[in-house]
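Asker: Fold the following for me, if possible:
(2 chains)
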Amino acid sequence: MPVTEILDELRQIVGAEHVLDSEVDRFGYSYDSSFLPLVPAHKPDLVVRPRTTEEVSKVMAFANLHGIPVTPRGAASGRTGGSVPLNGGISLSLDRFTEILEVDESNMMVTVEPGVRTMDLHDACAARGLFYPPDPGSWKYCTIGGNVAENAGGMRAVKYGVTRDYVMGLKVVLADGSILETGGKAIKNVTGYDLTSLFTGSEGTLGVITQVLLRLIPLPKARGVIRIMFASMEDGCATVQRMLQEDIVPSVAEIMDEVSLQAVAKQSKMELPPNAKACVLIEVDGEDASSLESQSRRIEAVADACGSLDFRVAQSKAEADELWAVRRGMSSAVASLAPNRLGEDISVPRGAFPEMVRRVRHIAEKYRLSIPVFGHAGDGNLHPSVLCDMNNPEEAERVHHAVDEIFAAALELGGTLTGEHGIGITKRPYLAKALGESGVRTLKAIKMSLDPKGILNPGKIW
Amino acid sequence: MSGNGTTTSNQALLKEASNLVAGCDRCGNCLTVCPLFKVHDVERAGARGKNAIARGLAEGGLEPLHDVQAAVDFCLLCRACVDSCPNHIPTDEAMVRVRQFFTDAAGGPSAKYVLLGGVLKSRIWVGLGAFALGIMRRLKLAGLLPSTLVAREFPRNAFLDAFAGPAALGDAAQANTTKLKPGARVAYFQGCGMKLMFPDASQSTLKLLGNISPVTAKENFCCGLPHLAHGMGDTFLQLAKANVALFEDADIVVTDCASCGGALKHLASHFEADPEWRDRAAAFSSKIMDLTEYLVRAGYRSEVKRDTTFTFHDPCHLVRGQGIRSQPRQLLQSAGIFREMKESDTCCGGAGTFHMDHPDAASQILDRKRENIERTGAQVVVTACPGCLIQLTRAAEASGKFKAMHISQVI
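Answerer: Sure, this is the predicted structure:
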């Protein structure tokens, strides 16, 4: 089919101004926030920006008929290339779906469109005393559709779980354009397969999510932030482990090593105590100030026993925000330390976290690389960042070995390749090792049955 | 005044731009604050898209075609992205270089910028323009010109008439009591915008300065910011040198234009590789003070406190360009009742010639600003930059609920 006819047809469906085909626009929709190189660019042939489920349905039916690849895109803040249109075709941008459709206070659920930013959703719920807990590091700018498609995690997972734990139902447009509704507001629901869970974390390969029903919980009334400094990562890890064993469950327990700390200190002009080699950032929540106070006292006792250097409880909202900014700016600050940063996202059983940190350090030494680590010590999800210059072939070789060994170590400790970023493009080569042959075959069978022509987000996951 | 060694070759400009944004993680944080992305939400309009364009051009992933240039021109240079970026990627600086690249590649800037740049480069033309507009104002003919060309200034006398009311002697505003060196030679830098558009405000500034210590008004040259923004880097350097030389006998140079102030404070950075001018430029940049910065430092406070309600719009070049946020508020608190507006530091859409080049986007941004001003219920929106004042005057006319004035006219 000639390109002009394809253009005409799509313009008919979504309106002429919502189909972009200029070179500069195609380039603009060729990347996400992963470490894939910007050039050569994986440009889509067209960018299509529908506004309704019906429009998405028509676009999909048309694309399916003509075998045109379609890559759904939210805010393009993903870390593994999920929204990168690897095979060209259509970049299906859902950023015009920006309505919060219903906040159902009696059932404590919210119905949203996929283009709503996660923090805006959180704030809208919080204004009514309701809480949407998942808070990926990117929550200020990422959108909920992408969160569901990637089953995003975040810092509060230690206490409140991940995106999947809140998705109650979805509206999904399938590859052939048919519209599917899964789940619903009933809490107990075992009618048929759990399709809601199937599409959650499907990375845009099984369908296009156009509406999301999320469960909410009551908003904790009080919240406090604590920063603890340690002379070693071991001490920091031990503190978090012991806290959890003693049944102190913070809403956040983040750890960061020396290099990560210095990176963010450089960007934010923060002062660090001398000898500080690790930092644990903790958020506690509860009924009232005295509940926070008692949790904080117990945490301080544990940290003391593990040899903490400095224990600081934020005294004001401004101070809490300042402590948070350190963690939220971490990923970007670390990325700016070297020409390339391969940000990994391994996840191990909580008890294996300290051992994983040790192994990453050994791998870094072995391959003479700088691999700062930060991550969610409370839930076992670790982000080692391999800092390197991939234009140096000898170094690139060492980097590949190091990454291979990091993944091998994670699997050996009973963990997995990715905790919250997805497989996308960047982790494809390691999938078979993690899932085994029958695992991969099962994924492919599901894909084949829902998208036999393979038009949805081709080139991802395997 | 010839060009010097800091003029950079064409490909090197792209390389420089690309290096400036190399630390961009493409996370998308900037998209939540970019005023242009709010009114035109496609990737190329936001800061992330512009950083990628700079890198794409340098790395050969993008051809330097017309629509790429249009995307690069569609930037307010307001630095909202830089401020909120975890890595403080200087998108604005990269865009200035990419614009220079396109200008050089085309063999020079487009005719309208050449004309504008030429007029502003010449003290005579700026003077004649100011003279002609002055006559038109006196004959009450200025209203015949569209407000895009000539903002209708609301002068101090009219303000005093309108807001004379009972002058409340309220609490003194907190003032920075740092003493300036006695006997310091103070000079006034009059920006072209103030001279052409807001002569009454300019007179108020001179009067304020004169009340503190003797002040010299010089026939200065344009600060060069319009030239820098539109790919006329050589002219910028020429003007910079002329101004450096002109103000060598002053210890403090005060300006009431945030854009000039920002440009002049950053002027030294353009001469770092020039042994002949480096030190002189650095000395000049360190003398520059914004009017509000100077007044607070000098311990100035308004003689009377009126019961007029003010709100303040932070010019990009003041709040992010010079880190000045509290001073104007202190001064306004001493002069009347101050009410903070939402998004006070979001660009008004003026941005030099942006509002003429992209009237639709600029007016959408301004509508949002007008609503934020109206929500405060303030009688007067105050700012400290003629570029913003043009936009705010337009908003005031559209609204009818408030006036727009320069800070020197109300304190």
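
Asker: And the helix or strand harbouring A:Glu397, what's buried?
Answerer: Here A:Glu397 is covered by helix A:393-412, with elements defined by DSSP states H and E. For helix A:393-412, a neighbour-count test (16 or more other Cβ atoms under 10 Å in any protein chain shown) marks A:Glu395, A:Arg398, A:Val399, A:Ala402, A:Val403, A:Glu405, A:Ile406, A:Phe407, A:Ala409, A:Ala410, A:Leu411 as buried. In this view, the C-beta of every residue, glycine as well, is placed from N, C-alpha and C.

Asker: quick one: the third one and A:Leu369 touch, right?
Answerer: Yes - counting by Cβ atoms under 8 Å, A:Val399 does reach A:Leu369; the two are 6.6 Å apart.

Asker: Overlap of the contact sets of the two?
Answerer: Both A:Val399 and A:Leu369 are contacted by A:Val386, A:Cys388, under the criterion Cβ atoms under 8 Å, 6 or more residues apart in numbering or on different chains.

Asker: Count the residues that sit near the nearest residue to B:Phe102 once chain neighbours are set aside.
Answerer: Spatial nearest neighbour of B:Phe102, excluding adjacent residues (Cβ to Cβ, 6 or more residues apart in numbering or on different chains): B:Gln69 at 4.7 Å. By the criterion of other Cβ atoms under 10 Å in any protein chain shown, B:Gln69 has 19 neighbours.

Asker: so A:Tyr160 makes contact with A:Val249?
Answerer: No - using Cβ under 8 Å, A:Tyr160 is not in contact with A:Val249; the gap is 9.8 Å.

Asker: who's more crowded, the two?
Answerer: Set A:Tyr160 next to A:Val249 and count neighbours by other Cβ under 10 Å: A:Tyr160 wins out with 21 against 15.

Asker: who touches the more buried one in this structure?
Answerer: Taking Cβ under 8 Å, 6+ apart, one finds A:Pro133, A:Pro134, A:Ile217, A:Ser251 in contact with A:Tyr160.

Asker: Likewise for B:Pro64?
Answerer: B:Pro64 makes contact with B:Leu57, B:Phe101, B:Phe102, B:Ala105 under the criterion Cβ under 8 Å, 6+ apart.

Asker: Any buried residues in stretch B:250-263, and which?
Answerer: Result for stretch B:250-263 [16+ other Cβ under 10 Å]: buried residues B:250, B:252-263.

Asker: That one: how far from the chain's middle?
Answerer: 10 Å (Cα atoms, centre = their mean, to the nearest Å).

Asker: which residues of the stretch 51-200 of chain A fall in strands?
Answerer: A:70-73, A:90-93, A:100-104, A:109-112, A:130-131, A:167-174, A:179-183 (DSSP state E, counting those that start in this stretch).

Asker: what's the closest of these to chain B?
Answerer: Among the strands of the stretch 51-200 of chain A, strand A:90-93 comes nearest to chain B, with 8.6 Å by Cβ to the nearest Cβ.

Asker: which residues does residue 406 contact?
Answerer: Since you didn't name a chain, this refers to chain A. Here A:Ile406 is in contact with A:Glu344, A:Ile346, A:Arg359, A:Val360, A:Ile363, A:Ile371, A:Pro384, A:Val386 (criterion: Cβ under 8 Å, 6+ apart).

Asker: I was thinking of chain B, sorry if that wasn't clear
Answerer: So B:His406 contacts B:Met194, B:Phe198, B:Ala201, B:Ser204, B:Thr205, B:Asp256, B:Val382, B:Thr383, B:Ala384, B:Pro386, B:Leu389 (Cβ under 8 Å, 6+ apart).

Asker: Pipe the buried residues of stretch B:250-263 into CSV and attach pLDDT per row.
Answerer: Formatted as CSV, the buried residues of stretch B:250-263 follow (pLDDT from 0 to 100):
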residue, pLDDT
B:Ala250, 91
B:Ile252, 92
B:Val253, 94
B:Val254, 94
B:Thr255, 95
B:Asp256, 94
B:Cys257, 94
B:Ala258, 93
B:Ser259, 92
B:Cys260, 92
B:Gly261, 92
B:Gly262, 90
B:Ala263, 91
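
Asker: quick check, nearest of those to chain A?
Answerer: B:Gly262 (21.1 Å).

Asker: Figure out how far stretch A:200-220 is from the centre of its chain.
Answerer: Using Cα atoms, centre = their mean, the offset of stretch A:200-220 from its chain centre is 13 Å.

Asker: Give the rounded mean pLDDT of it.
Answerer: On average, the pLDDT along stretch A:200-220 is 98.

Asker: quick one: buried residues of that stretch?
Answerer: A:200-216, A:219-220.

Asker: what about that stretch, start to end distance?
Answerer: Taking Cα to Cα, to the nearest Å, the first and last residues of stretch A:200-220 lie 26 Å apart.

Asker: How about stretch A:406-419?
Answerer: End-to-end span of stretch A:406-419 (Cα to Cα): 14 Å.

Asker: Next to chain B, which bits of the stretch 151-300 of chain A? Give me the list.
Answerer: Residues of the stretch 151-300 of chain A found near chain B (Cβ under 8 Å from any Cβ of the partner chain) are A:Gln267.

Asker: And the helices in the stretch 101-250 of chain B?
Answerer: Secondary structure of the stretch 101-250 of chain B by DSSP state H, counting those that start in this stretch: the helices cover B:111-121, B:123-138, B:156-162, B:192-197, B:199-212, B:225-229, B:233-246.

Asker: Tell me who's in contact with A:Gly454.
Answerer: Contacts of A:Gly454 by Cβ under 8 Å, 6+ apart are A:Lys447.

Asker: Below-threshold pLDDT in the stretch 151-300 of chain B: ranges please.
Answerer: Within the stretch 151-300 of chain B, the stretches with pLDDT under 70 are B:151-152, B:160-179.

Asker: Could you pull up phi and psi at the residue in it positioned nearest to chain A?
Answerer: Of all residues in the stretch 151-300 of chain B, B:Gly231 sits closest to chain A, at 18.4 Å by Cβ to the nearest Cβ. Per-residue torsions, B:Gly231: phi 80, psi 30 (degrees, to the nearest 10).

Asker: List the contacts of residue 20.
Answerer: In the absence of a named chain, this looks at chain A. By Cβ under 8 Å, 6+ apart, the contact set of A:Leu20 is A:Arg26, A:Tyr29, A:Leu46, A:Val47, A:Arg49, B:Val42.

Asker: To clarify, I was referring to chain B.
Answerer: B:Ala54, B:Ile89, B:Pro90, B:Glu93, B:Ala94, B:Arg97.

Asker: distance of the second one from A:Glu322?
Answerer: B:Ile89 is 21 Å from A:Glu322, where distance means Cβ to Cβ, to the nearest Å.

Asker: what does the first one give?
Answerer: Summarising the geometry, the distance separating B:Ala54 from A:Glu322, computed by Cβ to Cβ, is 31 Å.

Asker: likewise A:Leu206?
Answerer: According to Cβ to Cβ, A:Leu206 stands 42 Å off from A:Glu322.

Asker: where do the strands sit along the stretch 201-350 of chain A?
Answerer: Counting by DSSP E, counting those that start in this stretch, the strands of the stretch 201-350 of chain A are A:207-215, A:217-218, A:222-230, A:252-257, A:278-286, A:308-313, A:340-343.

Asker: so how many other residues sit close to B:Ala361?
Answerer: B:Ala361: 21 surrounding residues under other Cβ under 10 Å.

Asker: State the pLDDT value of the closest residue to it other than its chain neighbours.
Answerer: Spatially, and ignoring its direct neighbours in sequence, B:Ala361 is nearest to B:Val39 (5.3 Å; Cβ to Cβ, 6+ apart). B:Val39 carries a pLDDT value of 90.

Asker: Number of residues surrounding B:Val39?
Answerer: Using other Cβ under 10 Å, B:Val39 has 18 neighbouring residues.

Asker: If we only consider the contacts of A:Tyr160, which is nearest to chain B?
Answerer: Using Cβ to the nearest Cβ, A:Pro134 comes nearest to chain B of these, at 17.6 Å.
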